[in-house]
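Colleague: coordinates for the following, if possible.
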Amino acid sequence: MLATWTWIVTIALSLFFIGMSLRFRKKSNESFLQFAIAGGTLPFFLILFTDIATIMGVGNFVGHSSKGFEIGVANIPFIIGEQGVKILFALLFAGFAARFTYKSIAELLNDLILRDKVSRALVGILTSAIMIAWIGGQAKGMGQLFSVFTGADPLPLIFFFSAVFIIYTTIGGMYSVVWTDFIQGVLLLGLAIWFYIKVYAKIDFSYTKLKSMLVDVGAGSLTEINISGWEVITLFVTGCFGVLAAQVYWQRCFAANNPKAASRAMLYSGIVAIIFTILASVSGMVVKALNPNAESSNAISWLILNEMSQLVALLFFILIFLAAISSASSQLHSAAIVIVNDLIIPFSKEVKDKTLVSISKWLVVIVGIFSITAAIYSESIISLFSFAYTMTGGGVVPVLIVGLLWKSRKSERFEMGSHNSKVSVWGGRIGLLSGAIISVVFGILWGVLISALLTIVISLIFPNKTNSNRTIEFKNA
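Modeller: Residues are numbered from 1 along each chain as shown. You can find the predicted model right below:
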């Protein structure tokens, strides 16, 4: 019965979201600007709920509960870095980004700081890594949950689920994504609050009782951060810097109709993300206290299937479906826009706007298929995200921060079309590559430090000869 209702609900919601996207087909086809960032016209409530729906993916509910089951409160530093940085982003970058109508963080870096199409392409590749990992993670998480709930092969649902968000993202672009995110975000918040009330009722809403239960099953260490200070800092920086480089958040700020809307939306969504992700991680500890022999990857699923009713199980599946599809569609759309905007436009002759829209739609399909295929071979949702965060955060963020702080003309504020940074072409290139490589090999702390130092040193040794445009720029770029 549960399997039947799971399929019924999945199909009904899928048809509804695809139907919604048809309403925005004409508007999204007007121009690449409309398809990419809705013409920079989105109001506060849409930015808020698309931020919430994008942030709260499968990893926040399933992945982090598994980590909580495995390492307990030691997972919280990563959560604070990954989710708390959205508050930092809101305070420092969201309002700044909303002043512009760029389509990607790479375009912003290129116009204000680097003026180098090679560096722009490198940033595009690095930021795409996070999005591809996230897309695949959502599909894989959905498939795992479906398999646990029904005992069926997860591949059919993974393919069906993926086809749905690929279709509606292709049809309506940013408009489809944000309006479906609005519906998904409202439902997601309501279901999440209800679900965690059910979970924490198992420990009478008492952390003291949870600690006692964990001690009774020999897992008292989960209530202690028994990792080194260096590891804590590394977890925090990995989550923090990865989010600062996430195209999906910058893109929503570019799409906002004013800076205040962008900063408020990111601030509120960051607060929501911290609360619910910590709740997810601690819920994994609740499962550990109830059944220390459960599989960590299926911790929260075990709780639902063995300790709760079929209605709760169905509603939890709806919750995860909404979380997964909203995150996947947002990341997919952003990835396609980055490829067009930063890997195709700078290296092409002038391309017509309608052609750019068409290329973007084809790339939505191609990137979606590639991401899902890659995810099938990944062992962990969180490891997928962490690797992408490490590589991208260590490469892009140091160059971004150095470039914004190290101005050529300190008294002038940044304006579109006006280069104002002392970071040179070679400083940017070396900083990006060294940060990404060293972060993966030796850890993100070393990657960030060396990237920032090399960006400055190389820029001093090999400065630009002129502050004028050094690369060919096209109207569509």
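Colleague: so where is the stretch 251-400 of the chain shaky, pLDDT-wise?
Modeller: Counting by pLDDT under 70, the stretch 251-400 of the chain shows low-confidence ranges at 378-386, 388.
Colleague: please enumerate the strands of it.
Modeller: Ranges of strands in the stretch 251-400 of the chain, per DSSP state E, counting those that start in this stretch: none exist.
Colleague: quick one, helices of it?
Modeller: With DSSP state H, counting those that start in this stretch as the criterion, the stretch 251-400 of the chain has helices at 259-290, 299-307, 310-338, 353-376, 381-405.
Colleague: the longest helix in the protein is where?
Modeller: What stands out as the longest helix in the chain, according to DSSP state H, is helix 155-200.
Colleague: does anything pack onto that helix? Which helices or strands?
Modeller: Packed against helix 155-200, as judged by 3 or more Cβ pairs under 8 Å, 6 or more residues apart in numbering; DSSP states H and E, are the following elements: helix 2-22, helix 25-28, helix 32-37, helix 44-55, helix 117-150, helix 259-290, helix 310-338, helix 353-376. Yep, even glycine has a C-beta here, placed from its N, CA and C like the rest.
Colleague: after it comes which helix or strand?
Modeller: Where DSSP states H and E defines the elements, the next helix or strand beyond helix 155-200 is helix 207-216.
Colleague: and the helix or strand following that following helix, average pLDDT?
Modeller: Helices and strands here follow DSSP H and E; after helix 207-216, the next one along the chain is helix 229-244. The average pLDDT for helix 229-244 rounds to 75.
Colleague: check which residues of helix 229-244 are buried.
Modeller: Judged by neighbour count (16 or more other Cβ atoms under 10 Å), helix 229-244 contains these buried residues: 232, 234-244.
Colleague: same check, this time on stretch 79-93
Modeller: Using 16+ other Cβ under 10 Å as the test for burial, stretch 79-93 gives 79-90, 93.
Colleague: what would the residues you listed look like in TSV with distance to Arg115?
Modeller: Formatted as TSV, the buried residues of stretch 79-93 follow (distance: Cβ to Cβ, whole Å):
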residue	distance to Arg115
Ile79	37
Ile80	36
Gly81	31
Glu82	31
Gln83	34
Gly84	33
Val85	28
Lys86	29
Ile87	31
Leu88	27
Phe89	25
Ala90	28
Phe93	20
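Colleague: quick revisit: between the helices and strands packed on helix 155-200, which one is nearest to Val402?
Modeller: helix 117-150 (12.9 Å; Cβ to Cβ).
Colleague: tilt between that closest one and helix 310-338?
Modeller: Relative orientation of helix 117-150 versus helix 310-338 (axes from the mean of the first three to the mean of the last three Cα atoms, to 10 degrees): 160 degrees.
Colleague: Leu157 is in contact with Gly143, isn't it?
Modeller: Yes - with contact defined as Cβ atoms under 8 Å, Leu157 counts as touching Gly143 (5.7 Å).
Colleague: so between those two, which is more surrounded?
Modeller: Between Leu157 and Gly143, Gly143 has the larger neighbour count (other Cβ atoms under 10 Å), namely 25 against 22.
Colleague: give me the distance between the more buried one and Thr277.
Modeller: 21 Å (Cβ to Cβ, to the nearest Å).
Colleague: now His419
Modeller: Distance, His419 to Thr277, by Cβ to Cβ: 38 Å.
Colleague: who has more neighbours, those two?
Modeller: Thr277 (27 against 20).
Colleague: can you pull the contacts of the more buried one?
Modeller: Shown in contact with Thr277 (Cβ atoms under 8 Å, 6 or more residues apart in numbering): 60, 64, 79, 82-83.
Colleague: swap in Val186?
Modeller: Here Val186 is in contact with Phe49 (Cβ under 8 Å, 6+ apart).
Colleague: swap in Phe321?
Modeller: Contacts for Phe321 (Cβ under 8 Å, 6+ apart) come out as 9-10, 13, 142, 161.
Colleague: what's the closest non-adjacent residue to Asn298?
Modeller: Distance criterion Cβ to Cβ, 6 or more residues apart in numbering; nearest residue to Asn298, sequence neighbours excluded, is Val148 at 5.3 Å.
Colleague: surely the one you found and Asn306 touch.
Modeller: No - assessed by Cβ under 8 Å, Val148 is found out of contact with Asn306, at 11.1 Å.
Colleague: neighbour count for the two, which is higher?
Modeller: Using other Cβ under 10 Å as the criterion, Val148 and Asn306 rank with Val148 on top: 20 against 11.
Colleague: measure that one to Ile304 for me?
Modeller: Separation of Val148 from Ile304 (Cβ to Cβ) stands at 9 Å.
Colleague: ok, Val9 next?
Modeller: 15 Å.
Colleague: got it, and Lys103?
Modeller: Lys103 is 40 Å from Ile304, by Cβ to Cβ.
Colleague: if we can go back for a sec, want to throw the buried residues of helix 229-244 into JSON lines with distance to Trp134?
Modeller: Converted to JSON lines, those look like this (distance: Cβ to Cβ, whole Å):
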{"residue": "Val232", "distance to Trp134": "24"}
{"residue": "Thr234", "distance to Trp134": "21"}
{"residue": "Leu235", "distance to Trp134": "18"}
{"residue": "Phe236", "distance to Trp134": "20"}
{"residue": "Val237", "distance to Trp134": "19"}
{"residue": "Thr238", "distance to Trp134": "15"}
{"residue": "Gly239", "distance to Trp134": "13"}
{"residue": "Cys240", "distance to Trp134": "17"}
{"residue": "Phe241", "distance to Trp134": "16"}
{"residue": "Gly242", "distance to Trp134": "10"}
{"residue": "Val243", "distance to Trp134": "11"}
{"residue": "Leu244", "distance to Trp134": "15"}
